[in-house]
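Undergrad: I'll drop the sequence and a predicted model, then ask my questions.
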Amino acid sequence: MIPALRAVAGARRAWLGGARTSVAARFAATLLLLASSACGPDTEPTAPRDSHAARAAESTSSGAEVLGAEMTGAESAGRTGAASGASAPARQLPRRIVAASATAVDFVCALVEPERVVGVPEQAVDYSVLHARADGSSVPPRDEWARAKRFYAYEAEPVLALEPDLVLVDPYQSRDTTARLREAGVDVLELPEVRDVAGAIRALRSVAERVGATERAATLCADLERRIAALAATRARRASVRALCYSNFGSQGWTAGADTTIAEVMRLAGLRNLAAEAGRVGHGTIAFEELLGLDPDLVIVSAPLSTPAGSAGDRGGASEAILLTEPTLASLRAVREKRVLVLPAWLFATGSHEMVPAAEELASAVDRLLARQGEETGSAETGGPETRQSRGGH
């Protein structure tokens, strides 16, 4: 038995050797692994800690801890019956999760305990809910997530080094990396493209099913629906506000039309999106001349980033600075009336269910601005102080 186990372990090492292993050797290793799998779990050797393929094989043959720790009795009974009927084996509950995008981080942080997350991207500091945790808000403190290692880019080597049993990725991330992870035996769940809050909720439920947090997701979704209804109840007082989101990192300006998450945030908050009304779909560039032609009542920009200078994004508040200092834009209504609102980067660029708190923050900022300007208009009529610039959320 011991020589056989050593042979299987050697075959696994040969298979995982990648480019350094010859095609013939890998083919032979494959045959040996297939033969060993027929012996059943009683003769299955323990996988080495760094063997992703072996760990994935164990996750499909072991029923010790299955997805659905929070499943209803009916769901659990259904899966138990399926297992007894020798149909598809139950998946093992993932314990070493890598969230490879800020959107994935939002979902994972909402659904699982910090100790189950072993890696997050560096960009998540700015573009996910982890940013809020650093601000000392009401969510659990960020130090609970400090054990999760950070990686700068979605590449196979740094992700495999974390020994994940589940990786969550966005659909636009490197397909070559995803393919390499799957070849190494890592379970990769590709999130759907999210453009609105309904899509975000569907994605949240999908992730919850995979990580065994369906009850937690149900509670969260019920709360989201309640908050969406509360936003809808106050939408009318902001319905006349003509808004535009704007980003400019120093070379050219960008805005977002229909079918974008920031457009959904604006809709939930009750604002008109001038880019969408002008027929724009998706993200696109916008020149100063078109910006002046649209002449929005309100311009929404992102707060500066805090991640290293190599990261893309609005570093140093460039978008707001350009709006307020560019002579060409001095006549823009939003600039003239000091209606430039700054949203935190993790809300401005969210691709998850965090669109709801983003809309709440935007709605509150607009309400404060309108109330303040209403008061200042009344004061101005009686010789009161001049209007000051308002910064939403900061």
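TA: Arrived safely. Numbers count the residues shown, from 1 in each chain.

Undergrad: In the chain, what residue spans correspond to strands?
TA: With strands called from DSSP state E, the chain shows them at 97-99, 117-121, 149-151, 166-169, 188-190, 242-245, 247-248, 253-256, 272-273, 283-286, 298-302, 340-343.

Undergrad: Of those strands, flag the one that's most buried.
TA: Among the strands of the chain, strand 97-99 has the highest mean neighbour count (mean count of other CB atoms under 10 Å), at a mean of 29. For glycine as for every other residue, the C-beta is placed from the backbone atoms N, C-alpha and C.

Undergrad: what mean pLDDT does it have?
TA: Mean pLDDT, computed over strand 97-99, is 97.

Undergrad: That strand - which strands sit beside it in the sheet, and in what orientation?
TA: strand 117-121 (parallel), strand 166-169 (parallel) (DSSP bridges).

Undergrad: which residues are contacting it?
TA: Contacts of strand 97-99 with the rest of the structure, by CB atoms under 8 Å, 6 or more residues apart in numbering, involve 105, 107-108, 112, 116-121, 124, 159, 162, 164-168, 211.

Undergrad: residue ranges with poor pLDDT in the stretch 101-250 of the chain?
TA: The model of the stretch 101-250 of the chain has pLDDT under 70 over residues 132-143.

Undergrad: now the helices for it?
TA: Secondary structure of the stretch 101-250 of the chain (DSSP state H, counting those that start in this stretch): helices at 102-111, 124-127, 130-134, 156-160, 175-183, 197-211, 214-234.

Undergrad: Of those helices, which is nearest residue 368?
TA: When these are compared by CB to CB, helix 214-234 sits nearest residue 368, at 13.1 Å.

Undergrad: List the contacts of residue 158.
TA: 151, 152.

Undergrad: Then residue 255?
TA: 244, 245, 246, 247, 275, 280, 283, 284, 286.

Undergrad: what bridges to it?
TA: As for beta bridges, residue 255 partners with residue 284 under DSSP bridges.

Undergrad: what's the spacing between it and residue 282?
TA: Noted for residue 255: a distance of 10 Å to residue 282, by CB to CB, to the nearest Å.

Undergrad: Over to residue 357?
TA: For residue 357 relative to residue 282 (CB to CB), the value is 24 Å.

Undergrad: the more surrounded of the two?
TA: Each of residue 357 and residue 282 has its neighbours counted (other CB atoms under 10 Å); residue 357 has more, 19 against 12.

Undergrad: Next, format the strands paired with strand 97-99 as JSON lines and append distance to residue 350.
TA: Shown next, in JSON lines, are these (distance: least, CB to CB, whole Å):
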{"stretch": "strand 117-121", "distance to residue 350": "15"}
{"stretch": "strand 166-169", "distance to residue 350": "16"}
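
Undergrad: Relative to residue 147, which of these is closest?
TA: Relative to residue 147, the nearest member of these by CB to CB is strand 117-121, separated by 7.8 Å.
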